[in-house]
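*Asks:* 3D model of this:
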Amino acid sequence: MSRIIVKQLPKQISEEKLRNIFGTKGTITDLQLKYTPDGKFRQFCFVGYSSDAEAQAAIKHFNNTCIQTSRVRVESCAALGSEEKPQSWSKYAKDSKKNLDKLKEEEEPAKKKKEPKAKVNKVDEILGKHKDDPAFQEFMQAHDKTRSLWANDAGINNAEVAEEGEKEQEDENNEEQAEEQEEEEQEKLAEKPISDLEYMKSLISGNTKETKKPTKADKSNLELFTIKIHNVPYNTKRQDVVKFFKPLKPYSVRLPSKVHGFCYVGFKTEKDMAKGMLKNKSFIKGKQVFFSDFTAKNKLTKAQRNGAEIAANESSAGNAKWKHQQDSLRSEENISDSGRIFFRNLSYTTTEEELQQLFEQYGPVAEINLPVDKITRQIKGFGTVTFMMPEHAVKAFNSLDGSDFHGRLLHLMPGKELDNAQDEAALEDNDAGLSFKQKKALKLKQNAQKPIGWNSLFLGANAVADLLAKQFNTSKERILDTQDGGSSAAVRLALGETQIVIEMKRFLEDEGVRLSAFDEVTTQKRSKTVILAKNLPAGTDVKELSPIFSRFGPIGRIVLPPSGVTALIEYCEPSEARQAFKKLAYTKFKNVPLYLEWAPEHTFTKTLSGEAIIPKSEPKPEEEEEAVKEEEKPVEPVAEDADDEPEPDTTIFLRNLNFKTALETVRQHFERLGTVHTVEIAKRKDPQNPRQMNSLGYGFIQFKKAAVAAQALKDMQLTQIDGNLVELKRSDRVLKNQDVGARRRQVELKQQTGTKILVRNIPFQAQYREVRDIFKAFGELRSLRIPKKMTPGEDAHRGFGFVDFTSKADAKRAFEALSASTHLYGRRLVLEWADKDDQQDVEELRKRTAAKFDGAQQAVEAKRSRRAFFDEGNIQQAANDDDDDDDDADK
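*Replies:* Down below sits the predicted model:
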């Protein structure tokens, strides 16, 4: 727990002083002093640190120490909702014992008050008992005030009596209502400031009801232009407001009785209201008043009072923000459906990498968005995380909500629905009105975030021609024109591209770019802040790129080689880099689209602050000396059959393996018998964490020799590996050849083995002379061999060849220059060092093949000669030979 509580603090102490005291033991991420509703300090506070170690150090140092004259107690905070939390005793705490007792006491009188209501209803209960008694009904009829005659004397039906009674009751009720309305109207007339003559006329006429009712309705439904007056004096009356607006005559003046300080004045026309607004900032009874237009809000309140629906254009002006909030709440999705979580109350020192590590404990994370304030350059304290699998998001929500993170309580909520930009793009993609080119552009923009692994040093043929023309001060036509003789246009572009790539590599290395990071882009992790912009027009300048990319946030650095075809843009914050990538991918720049890709991790050798970046794959400077010492040690001897293919029937099934057993442990256990070809342990994905593989308790091992496998079945049966007795059985399974020897051979192919180079991916339209012109630019050639197809009637080559130089230095220079990024007729040439068997000349290969063929022929002739003799003494020998031949045929 990185959050602590400090008790028994002095009454007079400030937050700044506490920060200075507790900040000596670490970085404070949160400090809260607790007060009562009346503003009285409760003499305790909460302090949050960035790590658990800092919090424990603060507890150890400050507990039972004195601040001013008070001895403070420093303890670690209990987790939210934990049972270990001590019982609260303060009267200000809601869960304290005193407050809980008060709540119980308040509930008891409430129950007692409900009991008298039940007693009042006892009269109805008594009447209900005698309801069906005929004597009681006769008694009630005798005492009925509404009856005029006895029912028997009248001689009418009971139904008719009931109908007449109902009509009489209705008439009486209507008369009573009319009398009440007349009394109310008379009272209202008496209150009005009118003369006695007018009052008597209104009473005599008797038409007051008919005249007043429509005027009331008209006045309530009349749309007035209302002015709200602020800062009105306390004792202001209606007459004072009317006098203030003279010679204008307001239609209505409303002074609230319970609330003071403002009033409402209504005008019939907008012109009158405009004249009234001219008196803004005037004085009423020596106090300056201020006006505001209240017409729109007045219409809104009237519509709400009448229950009418509010028009969209009227409500948008006043309640736009509230409406947006309601819409966003409607679009809120369940975490189990979206896999998206909104988090807040973060410390401002939190980084995206720390959040990534926190949430990846529960499953793979697709994206983390952490907004940054553009002015302060600090995070805003909230963000969103999206999981690959929604069930992992539910697990993270249940575990992390209310937990302590960097000294603050992390608050998680379901994430809201994302913008429907992608859905709209998909709808546009299916639109029949779009052309094929437009649909393809939309599809490319949707898939821009996917790792593609393009060649980072790629140069288009047009860009190469432009750069060569600019470099040699000539035109593109002269570079591509071959009428004067010399090499072909394809060779010129290939050699020109090679030269530009070499210059580009030198420039990038001088700018602190690690070129080795681009060798295996598909297997490496991608950076979150560095964007690789490719296929830029030739001659692009930094001044042209800066305004485009700087719109989304400050740029740390832009590395652009002199060719201006490929650029590296590094942002300070990952969220801004993501926004720039989404907005700018495949947008038009000059006359070409912007091809963006995330650069590999650890692209630069130094950070923006100047600190050195040492990737895990490279040794640290302190470890380089140890590595040199290890290289000087004698190399362990390699088995003679390490590079041989395994014999048949050499695979063994291993049962009852320990679930924690590793491949290297199994290999070391069986290596003393002979050379192990490969080892496999069956695994499957963990359902709770798909990125982790769990062992199934069995596996396979394959030896090079069948004799070694037979010996293992005999001697290693039920031997212990990590405490488990492992059972061995023969298996017919063929394992993949992914042993250490194969990997070692792949590494050896990258190291120089001689003067011969294997060239793959040669275009079929390329001629022998063009391939020779490319390689002879780096040194003298001994030979160039391009095998041809065996199809009769075709004179085409097979797409690969062997180039042999006279010296190793020339071969090495050609390999380093052409293997980076050289294209011939649009296809990249792939170079490898030839194997040792391929280093021999063609004549030597022919001689060796002829010798093998001659040896095989002689063995067949000798066998035939033995069968030609019929000797009684050698009949048994011939029979044995026949049996051997049959066995060979079966095999």
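*Asks:* contacts only, for residue 85.
*Replies:* Residues in contact with residue 85 (Cβ atoms under 8 Å, 6 or more residues apart in numbering) are 78, 79. Glycine gets a C-beta too; all of them are placed from N, C-alpha and C.
*Asks:* now do it against residue 92, distance only.
*Replies:* The gap separating residue 85 from residue 92 is 16 Å, by Cβ to Cβ, to the nearest Å.
*Asks:* and stretch 767-775, what's buried?
*Replies:* By neighbour count on 16 or more other Cβ atoms under 10 Å, the buried set for stretch 767-775 is 770, 771, 772, 773, 774, 775.
*Asks:* now distance to residue 233 too, for these, in a markdown table please.
*Replies:* What follows is the buried residues of stretch 767-775, written out as a markdown table (distance: Cβ to Cβ, whole Å):
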| residue | distance to residue 233 |
| --- | --- |
| 770 | 100 |
| 771 | 101 |
| 772 | 104 |
| 773 | 101 |
| 774 | 97 |
| 775 | 100 |
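*Asks:* kindly indicate which of the residues you listed lies nearest residue 368.
*Replies:* Within the buried residues of stretch 767-775, the smallest distance to residue 368 is 47.7 Å, found for residue 774 (Cβ to Cβ).
*Asks:* are we agreed that that closest one is in a helix?
*Replies:* Yes. According to DSSP: H, G, I helix; E, B strand; the rest coil, residue 774 belongs to a helix.
*Asks:* is it in contact with residue 824, as I believe?
*Replies:* Yes. Here residue 774 lies in contact with residue 824, judged by Cβ atoms under 8 Å, at a distance of 7.0 Å.
*Asks:* what's the overlap in contacts for these two?
*Replies:* In contact with both residue 774 and residue 824: 491, 494, using Cβ under 8 Å, 6+ apart.
*Asks:* mean confidence for stretch 411-426?
*Replies:* The pLDDT scores in stretch 411-426 average 64.
*Asks:* typed the wrong thing, it's stretch 64-75
*Replies:* Here stretch 64-75 scores 90 as its mean pLDDT.
*Asks:* also stretch 383-401?
*Replies:* The model assigns stretch 383-401 a mean pLDDT of 89.
*Asks:* got it, and stretch 274-288?
*Replies:* 86.
*Asks:* give me the contact list for that stretch.
*Replies:* 227, 231-233, 235-236, 240-241, 244-245, 248, 250, 265, 267, 289-291, 293.
*Asks:* got the end-to-end distance for that stretch?
*Replies:* End-to-end distance of stretch 274-288 (Cα to Cα, to the nearest Å): 19 Å.
*Asks:* okay, now residue 678: neighbour count?
*Replies:* Close neighbours of residue 678, defined as other Cβ atoms under 10 Å, add up to 21.
*Asks:* does it have any beta-bridge partners, and if so which?
*Replies:* Note on residue 678: beta-bridge partners residue 702, judged by DSSP bridges.
*Asks:* and it, how far from residue 358?
*Replies:* In terms of Cβ to Cβ, residue 678 sits 38 Å off from residue 358.
*Asks:* excluding its backbone neighbours, what's nearest residue 512?
*Replies:* In this structure, residue 512 finds its nearest non-sequential neighbour in residue 605, 4.6 Å apart by Cβ to Cβ, 6 or more residues apart in numbering.
*Asks:* any low-confidence regions in the stretch 651-800 of the chain?
*Replies:* In the predicted model of the stretch 651-800 of the chain, residues 734-750 satisfy pLDDT under 70.
*Asks:* can you check the stretch 101-250 of the chain too?
*Replies:* Short version for the stretch 101-250 of the chain, where the test is pLDDT under 70: 107-123, 131, 144-197, 199-221.
*Asks:* right, and the helix or strand after whichever strand or helix holds residue 499?
*Replies:* Assigned by DSSP states H and E, residue 499 belongs to helix 489-510. With elements assigned by DSSP H and E, the helix or strand that comes after helix 489-510 is strand 526-534.
*Asks:* ok, that next one: who's next to it in the sheet?
*Replies:* strand 567-571 (antiparallel), strand 595-600 (antiparallel).
*Asks:* got JSON lines for those, with mean pLDDT, mean neighbour count and distance to residue 400 too?
*Replies:* Output for those, formatted as JSON lines (pLDDT from 0 to 100; neighbours: other Cβ atoms under 10 Å; distance: least, Cβ to Cβ, whole Å):
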{"stretch": "strand 567-571", "mean pLDDT": "91", "mean neighbour count": "22", "distance to residue 400": "28"}
{"stretch": "strand 595-600", "mean pLDDT": "85", "mean neighbour count": "22", "distance to residue 400": "28"}
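*Asks:* columns distance to residue 527 on top of the ones you listed, output as a markdown table?
*Replies:* Formatted as a markdown table, the strands paired with strand 526-534 follow (distance: least, Cβ to Cβ, whole Å):
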| stretch | distance to residue 527 |
| --- | --- |
| strand 567-571 | 8 |
| strand 595-600 | 5 |
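*Asks:* of all these, which one comes closest to residue 378?
*Replies:* Of all the strands paired with strand 526-534, strand 567-571 comes closest under Cβ to Cβ, at 15.6 Å.
*Asks:* quick one: contacts of the closest one?
*Replies:* For strand 567-571, the external contacting residues (Cβ under 8 Å, 6+ apart) are 513, 529-533, 536, 540, 545, 549, 552-560, 577, 580, 599, 603-604, 608.
*Asks:* now stretch 646-659
*Replies:* In contact with stretch 646-659 (Cβ under 8 Å, 6+ apart) are residues 666, 677, 681, 694-695, 697-706, 708-709, 712-713, 721-735.
*Asks:* show me what contacts the residue nearest to residue 535 when sequence neighbours are not counted?
*Replies:* Residue nearest to residue 535 in three dimensions, not counting chain neighbours: residue 595, with 4.7 Å by Cβ to Cβ, 6+ apart. By Cβ under 8 Å, 6+ apart, residue 595 lies in contact with 454, 533, 534, 535, 586.
*Asks:* please pick the buried ones from those residues.
*Replies:* Neighbour-count burial (16+ other Cβ under 10 Å) is assigned, among the contacts of residue 595, to 533, 534, 535, 586.
*Asks:* and which of these is nearest residue 807?
*Replies:* Residue 807 lies nearest to residue 534 out of the buried ones among the contacts of residue 595, by Cβ to Cβ, at 35.9 Å.
*Asks:* without its sequence neighbours, what residue ends up closest to the closest one?
*Replies:* Spatial nearest neighbour of residue 534, chain neighbours left out: residue 595 (4.7 Å); criterion: Cβ to Cβ, 6+ apart.
*Asks:* ok, the one you found to residue 495 distance?
*Replies:* Taken as Cβ to Cβ, the span from residue 595 to residue 495 is 25 Å.
*Asks:* same deal with residue 588?
*Replies:* Residue 588 is 32 Å from residue 495, by Cβ to Cβ.
*Asks:* and those two? Which one has more around it.
*Replies:* Shown here are residue 588 and residue 495; by other Cβ under 10 Å, residue 495 has more neighbours (20 against 9).
*Asks:* give me every residue that touches the more buried one.
*Replies:* By Cβ under 8 Å, 6+ apart, the contact list for residue 495 reads 487, 774, 777.
*Asks:* repeat the analysis, applying 10 Å as the threshold.
*Replies:* With contacts defined as Cβ atoms under 10 Å, 6 or more residues apart in numbering, residue 495 is in contact with 464, 468, 487, 773, 774, 777, 778, 817, 818, 822.
*Asks:* which among these gets closest to residue 374?
*Replies:* For the contacts of residue 495, the closest approach to residue 374 (Cβ to Cβ) belongs to residue 464, at 40.5 Å.
*Asks:* part of a helix, is that closest one?
*Replies:* Yes. Under three-state DSSP, residue 464 sits within a helix.
*Asks:* which residues does it contact?
*Replies:* 476, 479, 492-501, 538, 563, 565, 823.
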